[in-house]
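Visitor: Mind looking at a prediction? Sequence and model below.
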Amino acid sequence: MSAPIPRGAPETPSRPDDRPPLDPAVLRGEFPLLAANPDFAYLDSAATTQKPGAVLDALDRFYRESNANVHRGLYPLAEKATAAYEGARGEVARFLGALAREVVWTRGTTESINLVAQSWGRASLGPGDAVLLTGMEHHAGLVPWQILAAERGFELRFLPFDARGELELERLEALFEDGRVRLVGVVHGSNVLGTINPVERIAAFAHERGALVLVDAAQTVPHRRVDVRSLGADFLAFSGHKAYGPTGIGVLWAREALLETMPPWQGGGDMILSVRLEKSTWNELPYKFEAGTPDIAGAVGLAAALRWLDSLGRDRIAEAERSLTAYAVGRLAAVEGLRLLGEPDERGPLAAFDLEGVHPHDVAQFLGKEGLAVRSGHHCAQPVHRELGLAASARASFAVHTTRDEIDRLAEALVRCRRYFS
Amino acid sequence: MSAPIPRGAPETPSRPDDRPPLDPAVLRGEFPLLAANPDFAYLDSAATTQKPGAVLDALDRFYRESNANVHRGLYPLAEKATAAYEGARGEVARFLGALAREVVWTRGTTESINLVAQSWGRASLGPGDAVLLTGMEHHAGLVPWQILAAERGFELRFLPFDARGELELERLEALFEDGRVRLVGVVHGSNVLGTINPVERIAAFAHERGALVLVDAAQTVPHRRVDVRSLGADFLAFSGHKAYGPTGIGVLWAREALLETMPPWQGGGDMILSVRLEKSTWNELPYKFEAGTPDIAGAVGLAAALRWLDSLGRDRIAEAERSLTAYAVGRLAAVEGLRLLGEPDERGPLAAFDLEGVHPHDVAQFLGKEGLAVRSGHHCAQPVHRELGLAASARASFAVHTTRDEIDRLAEALVRCRRYFS
Amino acid sequence: MSDFDELYQEIILDHYRRPRGAARLDEVPEGEIHENPTCGDSLKLKVEFGPDGRIARVLHESRGCAISVASASMLTGAVAGLVPAEALSLAGEVEAALRGEGDDPRGFLEGNGELAALAGVAAFPARVKCASLAWRALESALAPPPGTDRGS
Amino acid sequence: MSDFDELYQEIILDHYRRPRGAARLDEVPEGEIHENPTCGDSLKLKVEFGPDGRIARVLHESRGCAISVASASMLTGAVAGLVPAEALSLAGEVEAALRGEGDDPRGFLEGNGELAALAGVAAFPARVKCASLAWRALESALAPPPGTDRGS
Ligand SMILES: Cc1ncc(COP(=O)(O)O)c(C=O)c1O
Ligand SMILES: Cc1ncc(COP(=O)(O)O)c(C=O)c1O
């Protein structure tokens, strides 16, 4: 471990952004895939985002100009690679208002949460303990804990959501009453209901009762300011590919003091300080959790994506998407036979729905042929659907490049779709 | 899991390749980074390879033309992404002589071995059992077992190597005598000694005694034919980034029957069949081991790299590198004060060495300023170095683009280097 | 005819709107419900035999898309009167043809009455699971695999 | 002067070839050996105090590169005569300056006698660990951290 870790400074306090509002039609031009397909409406950004040219260029440039393995090379190219890679870590830290040594690279949100479960959880949880999850977790926020609970014998509890898709916070008191809850896992933005959950309040409540808080920010990092300290998170996970970055890279952020106490998860090169045949000792943070050659180019690409987001301005993005989402909700709600899943107070840029008499698969296939890409299925959130009495739903999700025109096309196609199948 | 899995057919029997020998100087031109730096001698391919244009184009083209999340989308772009991704799995299978359903995507060799340890190992090993490793494992092949041994209470044993860097196979009998060995972990090509180990013989021996065999093929897949059936492997791991592919992607291959019995490792989306709040069931192979959004572009890029390797011809590559390596060994051995680590019968394309009176760090720094990129350190193989009475070494490693001229420059610079520091 | 139109031929939509053999099958235990992991769709299936050992009737409770419901509906007609071995062999062939495997998958389906309408599925790999679900359920109803928690 | 020549100034090479304070320190227990995880280099360090509580002498057994040996060698001269608190504070400042941090890292080193020769290290981030190793060892010799298995 050779390169000094750049320090991420807490985010500068947000100044009002007085640039004109973002224009999605113009931003479309920054996405090569969209620019090449002018009639294609990509409404599946919650599954994965399209990539701006700036990110593709950063990836390509890394391989053409800086490619070498990191940390262990002394020749100039290896130093360049290490500087790019550790610089990317610093940029992620700055983006989250964290320290660079608190940023652990993973493949994505799923691996981040598994890391917490298998390192912190396996070492910390046992019979008599409980982990509290919300009823609207993505499978990534649920299944790792199920697997570990079966192994370690602790209890899983669930905070339910109401008909509008809001968490029933008034139940927290009872759920915590016996003092067994050690961790709360909460999705910041639901990928089905759209709900933006009040993580700050939940964290304050949990911390008063001695529990830690893990935030699944896969659906919020690309869309709004996410500052780990002001959220009050102890762990926070997100995926690069959902934030305009490449596939294969993601982040686990955790408070330094927690990371210090956690045992390593994977073993191998780079995470060690010293290896004897019979025993090894571990490297410092964050390398203790990064065994083997990391996705170097992916890290560089993710940093380029976050830089690109910041250049647009995160508040401007949030504002543009808020207004587009409100428009979409209005247009969709007016489609006959269409039921929106969730009517939360604050909604992220997505809308899942049920179209009476038409299975979501058929909806998506129909829309697909019209050049409208929406997702259908359970969106890796089967319990949410079961709670709503559905097996699956269709979902349209939005990004900085989504236009009102695309929403109009969606609403009109849905009317035709229902006619076609009934 | 929607797309049918293409079937990997066993490799076609090798016909003699009667094309002219590969010309490294010409191949250099296919690597954008090398082509742009004509005086730069990249002698660190064992750490990570440079990427041919064909791979960079495949990556870029994926994002520009096919980017979508896989498996769950029904619109045409998602089908294209899924076809590219599963097609890549089929190509890896064909390359290894395996079935597509036996190919699990990971981040690299390190994660592959951790997966075996934490899934198969945690479920299968306990007090009274032993895992036999060689004394020349990379940390990736050692530390995961150390971590698990501490948790599960089994024993680690080691097959030592001799002064030439060959495994002492005559000791196998004694190591297996008590019938406790359940798994043998063996590095196919040592990343320090260069030794190509006789995996076939070790596997036959182990299988007769009921033990499984895990092969770390990180240093052989890029350089020669690796056929999982003829090796007799039960598990085999390699990294894309060392085989001319992108960072962030690698492979665990395992026999289908083994994968079937292994519990999942990470939990999340895509690896499940059905999720209830309290319990879930697992998807079919290989998806049971692939939680969350995979490195889709990475898989596509790795397939492009393997295609590119196959277009050169794996036997031609092996032949060209064998001859280049023999030349390098001769040139290096003639440098005064230089001691090669290992003199194996069969050597992969690398040479680690000790230069009398000069620390490897200083060697690498000196060579770096001369435009020669070599690695220094313990190369994630501390026990090997300890066995040789060294803390570290310098290592030059070769690839299809390495020229004799670069070797000459290396040998000459080493002479000057020794003079400089003494 | 576009791929889409071939996928949703009139005969498919007809089977979807009026599925043959549809029934409530509350008696089918949870463990025997077949699920499509992509969407959480589920299918229960029950086979009734005649005194001659042939399949007298297949009933299904399908919660799924047009393709999966139509496939289940057509299955009921296609296997009635077959002995289990014949039905199993047909199921295997249909699944292979849906995946586009074999010498002439389209020809095979077109030579099997209404199943011809499923020939359009092969162009949509993501829908193969939907069309196969009922056939897999039939296979495990006729030859239940030893206790396993894998996807079918 | 190139970065390389500044890194390996004559004074560095001199300290490397004839390290001051070098000794065999077999008495230092295994747990107190400092290692550089990049290369497996190791360093043992022993501090001897005078009756006045000041550092009388520092001895080290360095197994490392020119930079790490020279840095250890120069350390012995730089901290002799200091009280522990002064030595700790110097170590902190040297490490920060090696990382290129602070207002004027080069100026700081150049104002500290022979340590000026370490100013070239900041241009080589991969070598900062080498140059810091002895200073970290000194810190833990003077204020051993509570039992930890982390890297230094
Ligand atoms: C023999 C061997 N095994 C395993 C690895 C680890 O590979 P990775 O860092 O890609 O996981 C390497 C490379 O560093 C290696 O040379
Ligand atoms: C809320 C939420 N959490 C977790 C995930 C999993 O992310 P990944 O598949 O990138 O690991 C997703 C996306 O699928 C998501 O929407």
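Guide: Cool, got the structure. Numbering: from 1, shown residues only, chains lettered A, B, ... in the order given. Ligands and ions are numbered 1, 2, ... in the order given.
Visitor: any weak-confidence spans in the stretch 1-150 of chain A?
Guide: A:1-15 (pLDDT under 70).
Visitor: Show me the helices in it, by range?
Guide: Shown for the stretch 1-150 of chain A, the helices assigned by DSSP state H, counting those that start in this stretch span residues A:24-28, A:32-35, A:53-61, A:76-96, A:109-115, A:122-124, A:139-152.
Visitor: Repeat that for chain C.
Guide: C:3-7, C:10-17, C:66-79, C:84-98, C:105-110, C:125-142 (DSSP state H).
Visitor: ok so, going back, reformat the helices of the stretch 1-150 of chain A as CSV; add distance to B:Lys369 and mean neighbour count.
Guide: Placement of C-beta: from N, CA and C, glycine included. Below are the helices of the stretch 1-150 of chain A laid out as CSV (distance: least, C-beta to C-beta, whole Å; neighbours: other C-beta atoms under 10 Å in any protein chain shown):
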stretch, distance to B:Lys369, mean neighbour count
helix A:24-28, 45, 16
helix A:32-35, 39, 18
helix A:53-61, 24, 20
helix A:76-96, 8, 23
helix A:109-115, 39, 29
helix A:122-124, 46, 15
helix A:139-152, 47, 23
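Visitor: could I get these as TSV with distance to A:Leu172?
Guide: As requested, the helices of the stretch 1-150 of chain A are exported to TSV (distance: least, C-beta to C-beta, whole Å):
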stretch	distance to A:Leu172
helix A:24-28	38
helix A:32-35	42
helix A:53-61	40
helix A:76-96	26
helix A:109-115	21
helix A:122-124	21
helix A:139-152	17
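Visitor: check contacts around residue 70.
Guide: Assuming you mean chain A. A:Ala3, A:Ala78, A:Ala81, A:Thr82, A:Tyr85, A:Glu86, A:Thr293, A:Pro294, A:Ile296 (C-beta atoms under 8 Å, 6 or more residues apart in numbering or on different chains).
Visitor: Correction: the question concerned chain C.
Guide: Going by C-beta under 8 Å, 6+ apart, C:Ala70 touches C:Ile11, C:Ile12, C:Leu13, C:Asp14, C:His15, C:Tyr16, C:Pro19, C:Ala117.
Visitor: And the residue of the stretch 51-200 of chain A closest to chain B?
Guide: Of all residues in the stretch 51-200 of chain A, A:Thr110 sits closest to chain B, at 2.6 Å by C-beta to the nearest C-beta.
Visitor: thinking that residue is in contact with A:Glu137, fair?
Guide: No. Applying C-beta atoms under 8 Å as the test, A:Thr110 and A:Glu137 come out as separate, 11.9 Å apart.
Visitor: Excluding chain neighbours, give the residue nearest to the residue of the stretch 51-200 of chain A closest to chain B in space.
Guide: Nearest in space to A:Thr110, with sequence neighbours left out and distances taken as C-beta to C-beta, 6 or more residues apart in numbering or on different chains, is B:Gly292 at 2.6 Å.
Visitor: Counting neighbours, what do you get for that neighbour?
Guide: By the criterion of other C-beta atoms under 10 Å in any protein chain shown, B:Gly292 has 26 neighbours.
Visitor: Would you mind measuring from C:Val83 to C:Leu90?
Guide: 11 Å (C-beta to C-beta, to the nearest Å).
Visitor: ok, those two, which is more surrounded?
Guide: A count of neighbours by other C-beta under 10 Å puts C:Leu90 above the other of C:Val83 and C:Leu90, at 18 against 15.
Visitor: circling back: only whichever of the contacts of C:Ala70 are buried, select them in ChimeraX.
Guide: To isolate the buried members of those in ChimeraX, using 16 or more other C-beta atoms under 10 Å in any protein chain shown:
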select /C:12,13,15,16,19,117
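Visitor: Identify the farthest-apart pair in the contacts of C:Ala70.
Guide: Between any two of the contacts of C:Ala70, the greatest separation by C-beta to C-beta is 13.7 Å, found for C:Pro19 and C:Ala117.
Visitor: Below-threshold pLDDT in the stretch 301-422 of chain A: ranges please.
Guide: If you take pLDDT under 70 as the line, the stretch 301-422 of chain A has no such spans.
Visitor: Which parts of it are helices?
Guide: Secondary structure of the stretch 301-422 of chain A by DSSP H, counting those that start in this stretch: the helices cover A:314-333, A:360-369, A:382-387, A:404-421.
Visitor: Please name every helix or strand in contact with the last one.
Guide: Put plainly, it is helix A:404-421. On a contact count with 3 or more C-beta pairs under 8 Å, 6 or more residues apart in numbering or on different chains; DSSP states H and E, helix A:404-421 meets strand A:41-42, helix A:314-333, strand A:350-355, helix A:360-369, strand A:372-373.
Visitor: Other residues contacting the last one?
Guide: Contacts with strand A:372-373, where a contact means C-beta under 8 Å, 6+ apart, come from A:40-44, A:367, A:406, A:409-410, A:413, B:68, B:73, B:75, B:77-78.
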